[in-house]
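Q: Take this sequence and fold it.
(chains A and B)
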Amino acid sequence: MTKSATLEVKDGKIRQAINGFLKDLFAKKVVKAMLVPLAHPAGTNVVQALISDPANLDNADVYAPVMPVNSAKILQAMTRLTPTDRKTAVVLRPCEMRAVVELIKLKQVQPDNLIFIGIDCPGAYSVKNYPKFVSEKKTSDDFVKAGFMWADDAMLRAGCQICEYPYPLTADISIGMLGLEPGKVILQADTAQGEAALKTLGFSIDTDSDIAKKRQAALTKLAADVKERRKKFFAKTKEEIGGIEKLTKVFASCIKCQNCRQACPVCYCRECVFISPTFELESDKYLRQAEKKGGIRMPADTLLFHLTRMNHMGNSCVGCGACEEACPNDIPLLKLFQLIGSEAQELFGYVPGRNVEEPLPASAFREKEFEWIGEK
Amino acid sequence: MQEKNGAVLVIGAGVGGIRSSLDLAESGYKVYLTDRSPGIGGTLIQLETWFPDNQCELCKLLPVFSRDECSQVCLRRDLMHPNIELIPNSRVSKLSGKEGDFKATLNIKSRWVIEERCTACDLCAQVCPVEISDEFNRGLQKRKAIYVRNPQAIPNVYIIDQEHCTKCGKCVEICPTKAVVLNKPDETKELSVGAVILSAGATELPANQMGQYGYGYYANVITNIQLERLLADAGPTHGELLRPSDNKPPRKIAILQCVGSRDMDRNYCSEVCCMYALKESMMLRERYPDAQVTIFYMDIRAFGKDYYRYHLQAKEKGVNFARSRVSRIRENPKTKNLFLLARDEAGKSISAEYDMAVLSVAQCPSPNLTELSKVMNISTNKWGFIDTPGFYITHTSRPGVFVSGSASGPSDISETVIKSSAAACEAASILAKSQKQAAEKKTVHKHQTGKEEDVKIAVYICQCGKEISSIVNIEKTKEFAKKLPNVTSVEDVGFLCLPETLDNVKQAVAKSGANRVIFAACAPYRYQRLFSDALAEAGIDASQWQLVNFQEQLAWVHKDNPTLATRKAQNLLAMAAERLRTQGPLEVPTAEMTHNCLVVGGGISGMTSALSLADQGLDVTLVEKAGELGGHSRNLYYDLIPDNPQALVKGIIDKVKSNPKIKVLLNSELSGISGHIGHFKSQIKSGDKVEQIQHGAVIIATGASDYQPTEYSYGKDARVITQHELQKRLAEGKLGKPATVVMIQCVGSRNNTHPYCNRTCCSEAITNARKIKELSPETQIFILNRDIMAYGFKEQYYTQAREAGVLFHRYEPESEPKVTAGEKALTVEWPDPALPGSLEIDADLLVLSTGYIANEGNATIAKMLAIPLTEDGFFKEIDTKFRPVDVILDGVFITGLANAPRSLAEKIIEAQAAAQRAANVLSREQLTSGRIISEVDKRRCSCCGLCVEACPFDARSLNEEEHYAVVEETLCQGCGMCVSVCPNDAAKLRGQKEKQVFSMVEIGLSA
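A: Numbering: from 1, shown residues only, chains lettered A, B, ... in the order given. I've put the predicted structure just below:
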């Protein structure tokens, strides 16, 4: 059952309509603060900003095809120690929302007083490619009206091209456009909190409206398309990087800067084990390793670093691609993490970010699982 | 008052004896654990797997607290507790004195092998010329006259079979440690003990007594123990089922139940064999999916907790069930195949050919038991089992002597374990007032060497005669070890385990100033304690020495490659040295203890637990929901045990009320509980009042609810009543003289809604039927049943009921009886599988055997404590067999109907068992945990809670204020789950820290 309202879009100005809706949340005192993407004055980027003055929303641009950081990381920084004490809206892309859900499970985000507003996501370009988009005088309105082109826009980030859930799974309010005529927007209330907010704003809520059903139908169709697309992508990726030899090549350009870890929204440790005393070794240890093998790559444990991260985060990888974006040497980390992560997730029947109640595979105990292991 | 002794003699070291001993030892009492055989384990050691998981899990008997005191490896290989003195090969020849002050004389038969010199190298057996049938494998293979009973026996020491030894002296000659001494005289030992627990077990009926089955003549007729040995990995065929006649795998196997039991000679049920047969048949089906397995049975008596599901599981796995008693077996002399002759339930002849037949032979009292009962002057029943008068089925005719396990009647593991804890409880109650005679504590002065450069490691390499030195190049290894950092001395010795060698080593270590020691020797499960004690005397703490296994891990596995073995020896030594270099002293953490117990539920179970604890000097708060004590048992008027339940219950209520140690809170409920073992805080709600109490443990005895039948117009037709209601009418003399009474068993149980057996209803039906016959002999009684669960000695009453004219008819669950209410009578109609067509009986009274369902309130308590319930809503024990009253949360115990349906006598022993398990911890001054426990690096902890979820022992929680995880040290069992889920090494295991392990691995790889 869907509950939704139609957002009136005048003259096809979607951005303006959405910003109006966001402003209204302040005006009707639903929220006192908001984390929302604002166009940077430089014009070459759109960045997340935490605002308390709704006037800032003139610059909001939630559909601009760029995502410099995954906002889950920002929410972790904001709420890990204490939850917010005033209602705060958070406008998120679906992959950011999924990462937030993972961090809630890991007690890194405290969701109290947060209202999650999700968007149907047309994808994003790399920060370094966004200026190109801007320079072509394109706007976010043009971008979404052109339709959702994940598969056909080669400039989109790799993660966006194979995104399995480019729509919010757990938001309070979803700003929906998928499957709708260009210029049509619905606001779907997926929780009681979302519904109450829409009502306060004066929206009349329809149950299972035609337009909402139309969007649902599009989502169902999308699922089948994405499945096919991912299958092909994974087959190709395996071809490209499967096997230890190719994998070694992939990491040949790694400088162990650990940017990927820094950017990953679900890599949540306060202090990574790789910068901890566990890996602070005496010279003798390095030399002994070198003696054993005749020589070792330095900095040491480059591959171990990636494998460890894969081991720790594979099950929670939401496929946002922040790792790959952060890599100075274009290592296809998203490909790798999605390839391995999705297989691991499938083994546990786990979808990261699907549901706050769904336990992390590492913390769930099932009496019967993997019974095929060890069978003769 | 006479002074009592703080020691107990436990006779029989099977699972029962072990349970009693560990319980008493954990409570601080001295235990002499004796066995007639050369080792421990009893019947159990011959079996490898059992219900419910078809795994071993014997180790679940081991203590959870102060676990460094007791061995913590496989219980098939090691049982060492400072309070337990194991005396194998011994018989009690005299018992004088009385409760609280017994003198026991033990005759200890000489092994002709000196225990502390035997290294179990097997050289003696290899030269021994005498070959005889090996009784451990029930004749399926041969053994020598000098032998060890089973692989890894406890103690793992050879023994000479004096009856068959020819005294040729070859073993004496070859023994490298001079351990064999022919004609070494027997010894006698006098013991002063306060109580005696007899758990001498039972034995199987010699199968050749049942001549009709050809055992002993037909090669392919074997007993169930033989089948167990054939299926055992350590058995004569290494787990492969081969039939004795041709060593080919049998494909058609018959299992015959009740061989020698439930007959004229032994009119009792052997109780364990149905579950044995179910397990064996399922194992056969799993291992040999094309094998056909048929169980020939009269009733499948799967009456215990979750046993019925096991029965269903066997059916699902394709085991065939034939309700029939096989009358004889004949062999085809050519093929050695077997013909089974029997009649099925409907009377039709069955004649089928099988490759193999397995006899589930009766459990009988052993000749040893007869001898013991005479020596100890305790009475036996007509079959020779120890007599247990009344409802206290661990009591014997002699006060202060208790019985457990199969010595008082066939018992499965679960029942034996319960009885044994109950017997320990009885013994402890006697001893409680005396000074506990705990093992003396050895003082260890610890070397607080923080800096790595202060570490001085002494290495001792054992040659084990030639066992190690013939494979590992000792000289080369020594040279290598000398160069390792911080190693100050390296010596090799012939046999490190010999008393004189160990003595020298001890002195040398003390003199040398070494503060760490490596022993490169063998089997940690055998020598860990011996070495640890010796080194403690030399001032080396248990965390500051390492045992490197040069025997099993080197000499044995690399027999063919001495070069590799020597290299590996060096790697292992280097790793051990690295561990010791980086290992600071590990303290044993302790926590304070609140020495009282909360018992929830004031029925017979709760009251019995409370009394047992009070008898041991512990304070108890007993909380009862109702306005009076007694629970369900107040409605019991008769029992199969010929004693008066009403008098029993009343007696117990009076005792509870007058006991100053027990505080009874009526009309009260547990409304909240927090904390952990040693420190629970509970809220008890009485009306509007809420009382806070602190306690160290909690026993849940909240009972169950009577099933309210919806079947057969119960509640609508006054002529339909339950067994409980019938019993009340009988007691009140209100039954009258009905012409016909029909009873229907399994109403609302063993079905899809309640897929479990209620265990007690068959007994109740038989009890009530006999009572009706007594009061009104002309009343016709029909008992409609699916299987009659007259297990153990209840069988005799089943027989007596039949002899009194009670008619037992079967019905199949698929065609349950139909009842039509007429004006004059209730017409009961059903197809009896033994008869053609349907039977129709007009009954004046229809009695439904309805059993129990779990209390709805269980879920609330389970949620408060975060403990699991079974699928049927009862509390879930850790392990049905080995820890039947423990739950996953330490310090919480379950008993009575809250755990599973049980009879009155069974409830009493279970309640005592729960009390004893609680007393084990409550009687301690402090709680101590192990050395290897987890800890938290606060700075690094992200407070994500993964470790909390992963911890199976609830030892971790989050400090949400300051954002890090905390460890409750006494609950931590050092399993390392937290370490494996923690992504950044904020969860650490003492003695296994990541950096330490990494550097060991590195050294191991680069050495």
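
Q: In chain B, which residue is most central in space?
A: With distances taken as Cα atoms, centre = their mean, residue B:882 lies nearest the centre of chain B, 3.4 Å away.

Q: Now residue B:764. Nearest residue, chain neighbours left out?
A: Take residue B:764 and drop its neighbours on the chain: the residue closest to it by Cβ to Cβ, 6 or more residues apart in numbering or on different chains is residue B:723, 4.6 Å away. To be clear about C-beta, it is placed using only N, CA and C from the backbone, and glycine gets the same treatment.

Q: Now do the same contact list for the residue in the stretch 1-150 of chain A positioned nearest to chain B.
A: When scored by Cβ to the nearest Cβ, the stretch 1-150 of chain A has residue A:106 as its residue closest to chain B, at 4.1 Å. Each residue near residue A:106 by Cβ atoms under 8 Å, 6 or more residues apart in numbering or on different chains is listed here: A:266, A:268, A:316, A:360, B:942, B:944-946.

Q: Can you list which of the residues you listed are found in helices?
A: Within the contacts of residue A:106, residues falling in helices by DSSP state H are residue B:946.

Q: Of the contacts of residue A:106, just say which sits nearest to residue B:170.
A: Checking the contacts of residue A:106 against residue B:170 by Cβ to Cβ gives residue B:946 as the nearest, at 61.4 Å.

Q: isn't that closest one right up against residue B:981?
A: Yes: using Cβ atoms under 8 Å, residue B:946 is in contact with residue B:981, at 4.4 Å.

Q: list residues touching both of those two?
A: Counting by Cβ under 8 Å, 6+ apart, the contacts common to residue B:946 and residue B:981 are A:362-363.

Q: measure the residue of chain B most remote from its centre to residue B:842 for me?
A: Distance from the C-alpha centroid of chain B peaks at residue B:823, with 54.4 Å (Cα atoms, centre = their mean). Distance of residue B:823 to residue B:842, given as Cβ to Cβ, to the nearest Å: 11 Å.

Q: ok, is the helix or strand of chain A with the lowest mean pLDDT in contact with chain B or not?
A: For chain A, scoring each helix and strand by mean pLDDT, DSSP states H and E identifies helix A:283-293 as the least confident one, at a mean of 86. Yes: against chain B, helix A:283-293 shows contacts by Cβ under 8 Å from any Cβ of the partner chain at A:285, A:288-289, A:291-292.

Q: Check the average confidence over the helix or strand following that helix, would you?
A: Following helix A:283-293 in sequence order, the next helix or strand is helix A:302-313 (DSSP states H and E). The average pLDDT within helix A:302-313 is 93.

Q: next one: stretch B:531-549
A: In this model, stretch B:531-549 has a mean pLDDT of 90.

Q: What are the buried residues along that stretch?
A: B:531-532, B:534-549 (16 or more other Cβ atoms under 10 Å in any protein chain shown).

Q: where exactly do the helices run in chain A?
A: Assigned helices in chain A, in chain order: A:14-27, A:71-79, A:94-105, A:130-135, A:140-145, A:158-161, A:192-200, A:210-241, A:244-250, A:259-263, A:283-293, A:302-313, A:322-326, A:333-348 (criterion: DSSP H).

Q: returning to that earlier point: who's more crowded, residue B:946 and residue B:981?
A: Neighbours were counted for residue B:946 and for residue B:981 using other Cβ atoms under 10 Å in any protein chain shown; residue B:946 has more, 23 against 20.

Q: beta partners for residue B:692?
A: Taking DSSP bridges as the rule, residue B:692 bridges to residue B:683.

Q: residues touching the residue of the stretch 1-150 of chain B found nearest chain A, list them.
A: Going by Cβ to the nearest Cβ, chain A is nearest to residue B:53 of the stretch 1-150 of chain B, at 10.4 Å. Shown in contact with residue B:53 (Cβ under 8 Å, 6+ apart): no residues.

Q: what pLDDT does it get?
A: On pLDDT, residue B:53 comes in at 80.

Q: Checking it next. Helix, strand or coil?
A: Here residue B:53 is coil, with the state taken from DSSP: H, G, I helix; E, B strand; the rest coil.

Q: For residue A:34, give the beta-bridge partners.
A: Beta bridges link residue A:34 to residue A:51, residue A:89 when assigned by DSSP bridges.

Q: which residues sit in contact with it?
A: For residue A:34, counting by Cβ under 8 Å, 6+ apart, the contacting residues are A:22, A:25-26, A:50-51, A:54, A:57, A:88-91.

Q: Recalculate using a threshold of 7 Å.
A: Residue A:34 sits next to A:22, A:51, A:88-89 when contact means Cβ atoms under 7 Å, 6 or more residues apart in numbering or on different chains.

Q: what about it, distance to residue A:349?
A: As defined by Cβ to Cβ, residue A:34 lies at a distance of 35 Å from residue A:349.

Q: again, but for residue B:189
A: As judged by Cβ to Cβ, residue B:189 and residue A:349 stand 62 Å apart.

Q: neighbour count winner among the two?
A: Per other Cβ under 10 Å, whichever of residue B:189 and residue A:349 has more neighbours is residue B:189, with 14 against 10.

Q: The more buried one: which element?
A: Following DSSP H and E, the helix or strand that holds residue B:189 is strand B:187-193.

Q: quick one: contacts for whichever residue of chain B sits closest to chain A?
A: At 3.2 Å from chain A, residue B:949 is the closest residue in chain B, using Cβ to the nearest Cβ. If you count contacts by Cβ under 7 Å, 6+ apart, residue B:949 has them with residue A:363.

Q: From residue A:106, how far out is it?
A: Distance of residue B:949 to residue A:106, given as Cβ to Cβ: 11 Å.

Q: for residue B:608, same thing?
A: 47 Å.

Q: do the same with residue A:200
A: As for residue A:200, its distance to residue A:106 is 32 Å (criterion: Cβ to Cβ).

Q: next one: residue A:301
A: The spacing between residue A:301 and residue A:106, counted by Cβ to Cβ, is 25 Å.

Q: Could you do residue A:165 as well?
A: 20 Å.

Q: Kindly report the same for residue B:298.
A: Residue B:298 is 58 Å from residue A:106, by Cβ to Cβ.

Q: what's residue 126 in contact with, if anything?
A: No chain was given, so I picked chain A. Residue A:126 touches A:157, A:325, counting by Cβ under 7 Å, 6+ apart.

Q: Check the burial of the closest residue to residue A:158 other than its chain neighbours by counting its neighbours.
A: Leaving out its chain neighbours, the residue that sits closest to residue A:158 by Cβ to Cβ, 6+ apart is residue A:334, at 5.1 Å. Residue A:334 has 26 neighbouring residues, counting by other Cβ under 10 Å.

Q: residues touching residue A:334, list them.
A: Shown in contact with residue A:334 (Cβ under 7 Å, 6+ apart): A:158-159, A:319, A:321, A:323-324.

Q: okay if I get those as TSV plus neighbour count?
A: Shown next, in TSV, are the contacts of residue A:334 (neighbours: other Cβ atoms under 10 Å in any protein chain shown):
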residue	neighbour count
A:158	19
A:159	27
A:319	24
A:321	29
A:323	27
A:324	22
